[in-house]
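In: My questions concern the predicted model and sequence given below.
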Amino acid sequence: MPPRPRSNASRLSSAAMATSPPASRRPPRRNSKNFSTPIPRSTRTIASLKSIERLTMNLRKMFAWPVLAVLALGVPLAAQTKPATAPAYEPAPGEIFIDSTDTVAIKTQGKVTTGRTLADAPPPIGGSFLSLGTWSKANTGDRRVTITPNLPAAGDYEVHLRWVTISNYHGLAKKFPLTIVTADGTFKYTISQQAGNIWAYLGTYRFEAGQKGSVTLSDEDSVGVITMDAIKFVPVKLDRSPIKKHYPQPAGVNADFDKLRRRVVDAIATPSDVDESDHEVSQTIASENLQAHLWWQTMNRDPAAKTLWHDTRAPDNTGGNNTWEPYKRIRAMAKAYVYASPKYGFGQRMVANKQLRDDILLGLDWLNKNAFNETTKNPAGAAWFGNEIGIPRDIAETINLMYTEVPEELRQRNILAIKNMTVDPRKFYIKAFPSTGANRLWLCQVHIYLALLEHDPERMKLAVSGLDEPLTTVDRAAVVELENKKKKGSLDGFHADGSFIQHGHLPYFTGYGHSMLTAIGSIVGLVADSPWAVDPAKQRVVAGWFFNGVEPMFYNGTAFARQMGRGISMEHGQYSGGMAGTRVSAIKLLPLMAPEDAARTKSIIKYWALENPYKTKLGDLNAYAIERTIVSDPAIKPATRPIAARVFHNSDFVVMHRPGFAAALSMSSTRIATHECIWTANRRGWYQGDGMLMIHTPDLYRYVRDYWPTVNPYRLAGTTVDTQPRKDGEDGGGNSGALSKSPWAGGVEHQRRAASASMLLMAQESSLTAKKSWFFFGDEIICLGSDINASDDRTIETIVENAALNDAGDNAFTVNDAVKSAQLGWSEDLVATRSAHLAGSMPGSDMGFYFPQPTDLKALREKREATWNVIYRMNDITPVSRNYLTMLIDHGKSPKNASYAYVILPGASSTQTKTYADKPPVEVLANTADVHAVRHRTLNLTGVQFWTPGSKIAGIKAAEKCAVLVEETSDKIVISISDPTQLQQKLTLEMDAKAAKVVAADSAVKVESLSPLKLVVNAAASNGRTFTVELSK
């Protein structure tokens, strides 16, 4: 075989590289029946692969399988070996070439195997390659291949990595971590190997002489097989002089549109004012540039190709994700065409590169002709988002980036393709029903980009007017009144209490709420100082939303699970919990706020940035630069953790923030659904809205680190459940959980120092009903349940606790002063329990429990194993496990009038728990079908849930169903009252007490008598909010 041609790029100076395209510029040769991919000339037509290719083709015909049968059996890829003639490789002068057979420079860890051929891939250089993992089995995360070159001199070196790839094969890694250790620090990337058989350019870095630098491939958090064929380090002299952004924009054609288009380009491309000396900034830019360059290198340029990239399926003219993915790649390439960093060699290769420009235009043209155009159909289903928002946005952003360099005919064809999917940002394509919330804002962005492309002032006006509804606080009562009149209304958006609703009946701040706020900030900022600027008075509303509804939704760097919707089932977001996106949205909102509100928000941003226990990073470089400025400003003092009790009555959600913990209660009703399950996400969320009580402590991993796939979904703490087997959420279909048949879910907050909540549980597909209450008093949470009834001959359970344990699973567990077994697999019936204590996994995370009446419990210590894929089909299939301790009350089969009562003491030590149990400051006054009532002697608080009108307890009588909190001292009485059903017109309360005068009262409260005390509340259209009156004695 002739020697492989030397790489011209390895000899070029940085100046020459600026105009040279990547390697493999020749048109690709078709190497399978229905696919083509670029294959280097020296490795084409390998005779020794013919028998394998024939077998592959036969199997494809027989079974429609795209890979060898042995692969389908889960045999390691590296084991598919067959002698083959390896291509020769002649290193260029000065080049450090390392083949996979080099045992001196290459060190492996874990099960790394060697192979010689891989289905229809060309033979590897040197005759073999290294393989990490198998395609049909989960990667373990313990495999590594580390290459340490012995460099003769310090200086700049290009790094090129080669791996083998099979055509039409999706078993290779869609993502894997790659780490490069350089003289300037460590760079961590996540890249795909599903397209390869090329020398992939990883960047140019400074290395010290000797063996001080390295490149590591790992299967940690990877999906699929990773291969390593060879690597080379090419010495160069890299000119790192700043490179100006390439703005292919007109000047002076239309000042308003051109100004806004330049803002768009600057926002999409790397912002001009970011500091590239900051390693996080540098890492982020380099990561984006590397991936864009890899897409460019592996792009299929054959006009007869059935797809643009080796790992994307051929389109079927229905859009969707198969079509959206290549548009994302084209956009990434266009972004790098405008600006890529010169620090690591990408800017010199990509910015204003004519070949890159031509390939971007080729991609836009090919996709328009073959995948997405004015004839594309938009089928109902999961494809809608890509078709109406994702693809149009990426097309419009790409053309705005490339503006004057996109031929008019190509631009017009793409504009028609966008208009085919979205005509009006206020409406969806399918059935033309109104767009709402975050979806509305994303559609507005698409139409703003369209207006910029066409210089269309009317479309720009239409797009900006689409912000009117999202910038309006939702009034549930008004929406209900509209619907009663057979008119359309929407509950999506922010409500006066701070609740954010999306999809009509789901609390959903992370994923949709912060995205909506980010989009509002981006759009308002974009059109500022233009004919379409948004009225500042309209903008100011965002500050109230932020303080009321955003700040309270986070604890220890993550959002409460109920606010994540189906996102809690997505493995990639388990540690961020929407925090990074929320920090970005807060920064985007600063220009919209009044100065005093902006100052307060900056303090919160600083607190979040400094706390950040999971080290989540901002993907938005402009926001990151602003955050760094805020953090480094000594005049801005970080906010402190909020200490407050909040009832979000528009979302059936309650939060209690205390110095050592935070509690979050999730309920459901005729207004709010139990959970969301769409497109196989959150398939086992059945009970997440049935009184799930999550108590966050200093234990950072209590609800992360694989909690959601491993926790028993039938036993979520706080819930009372019918133990019948449940079906997983639909595959390929969508539903948003289920609304309850009961309107009762809500509560009352008392001057944000205490709260009480209740729900009438009417279980799904079951006869189970129960009256459940929670009283959030100081550092205690009192949980009551009564009137628990069922008739299905199935066991009913109330889950007191289901706590994730440490890695050994041996957290000390004490019941009635007796230490229980620390062995996994232990279980016991605990008779007449008065107190229990579970040691935490981190300081301050202990949990104490007190039972006012001796209670029989069942307890279990177990290891639970599952995969993330079980709760969301797009997740990894790697087995994960956690250890748990569960405490529950078994009400038996078909219970009648069963009940429970217990007190949770977050953070209490075993000594503090015992002391509390010996002399409890709380007293359960009633736990009946008519009334739930608790008195806290130390706090002078009495909380009552009046289930039955006309009931009386502790000298308090309610004429209607309601929730009441009363604080009475020697000189004052403070009463807080609400309607958890949201159906009452008025609330009447009488007390066996005397008052001298009214100190303060809500306008809807009328005090009819001071002695005895009687008040009437106009609760019509109150949506369950709290009314308060304070009286002096």
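Out: That came through, no problem.

In: What's the biggest strand in this structure, counting residues?
Out: Using DSSP state E to define each element, the chain has its longest strand at strand 847-867.

In: Check which helices and strands the helix or strand just after that one sits against.
Out: With elements assigned by DSSP states H and E, the helix or strand that comes after strand 847-867 is strand 879-893. On a contact count with 3 or more CB pairs under 8 Å, 6 or more residues apart in numbering; DSSP states H and E, strand 879-893 meets helix 707-710, strand 795-804, strand 827-838, strand 847-867, strand 898-906. (C-beta placed from N, C-alpha, C; glycine too.)

In: Between the ones you listed, which one is closest to Thr375.
Out: The closest of the helices and strands packed on strand 879-893 to Thr375 is strand 847-867. By CB to CB, the value is 40.6 Å.

In: From the contact counts, what lies against the closest one?
Out: Judged by 3+ CB pairs under 8 Å, 6+ apart, strand 847-867 is in contact with helix 707-710, strand 795-804, strand 813-815, strand 827-838, strand 879-893, strand 898-906, helix 910-918, strand 922-927.

In: Who does it pair with, and is each partner parallel or antiparallel?
Out: Strand pairing for strand 847-867, determined by DSSP bridges: strand 827-838 (antiparallel), strand 879-893 (antiparallel), strand 898-906 (antiparallel).

In: Going by neighbour count, list what's buried in that strand.
Out: The neighbour-count check on strand 847-867 (16 or more other CB atoms under 10 Å) flags 847-852, 855, 857, 859-862, 864, 866-867 as buried.

In: which residues of the stretch 651-800 of the chain score low on pLDDT?
Out: 730-736 (pLDDT under 70).

In: now the strands: where do they sit in it?
Out: 653-657, 662-666, 677-678, 692-696, 720-722, 734-735, 745-750, 754-762, 769-777, 780-789, 795-804 (DSSP state E, counting those that start in this stretch).

In: sorry, back to before: from the buried residues of strand 847-867, which is closest to Leu172?
Out: Once CB to CB is applied, the member of the buried residues of strand 847-867 that ends up nearest Leu172 is Thr867, at 20.3 Å.

In: so the closest one bridges to which residues?
Out: Pro879.

In: you'd agree it is up against Trp708?
Out: No - in terms of CB atoms under 8 Å, Thr867 does not count as a neighbour of Trp708; the distance is 11.5 Å.

In: Quick check: buried residues in the helix or strand containing Ala438?
Out: Using DSSP H and E, Ala438 falls within helix 437-454. Neighbour counts over helix 437-454 (16+ other CB under 10 Å) mark 437-454 as buried.

In: again, but for stretch 940-957
Out: Across stretch 940-957, burial judged by 16+ other CB under 10 Å covers 941-947, 951-954, 956-957.

In: Show residues contacting it.
Out: Contact partners of stretch 940-957, identified using CB atoms under 8 Å, 6 or more residues apart in numbering, comprise 750, 754, 756, 758, 760, 771, 773, 775, 777, 787, 925-926, 929-936, 958-969, 980, 989-993.

In: Now the residue positioned nearest the centre of the chain: closest residue in space, sequence neighbours ignored.
Out: The structure's the chain has its C-alpha centroid closest to Gly573; by CA atoms, centre = their mean the separation is 4.2 Å. Nearest residue to Gly573, sequence neighbours excluded (CB to CB, 6 or more residues apart in numbering): Gly567, at 5.6 Å.

In: measure the one you found to Phe560 for me?
Out: Computed as CB to CB, to the nearest Å, the Gly567 to Phe560 distance reads 12 Å.

In: Asp890 now?
Out: Per CB to CB, Asp890 is found 29 Å from Phe560.

In: Ok, Thr165 next?
Out: For Thr165, the distance to Phe560 - CB to CB - is 43 Å.

In: Over to Met842?
Out: 19 Å.

In: of the two, who's got more company?
Out: Between Met842 and Phe560, Phe560 has the larger neighbour count (other CB atoms under 10 Å), namely 26 against 13.

In: Return the residues in contact with that one.
Out: 553-554, 655, 662, 664, 694, 696.

In: Return the closest of the residues you listed with respect to Ala209.
Out: Relative to Ala209, the closest of these is Phe554; by CB to CB it sits at 47.6 Å.
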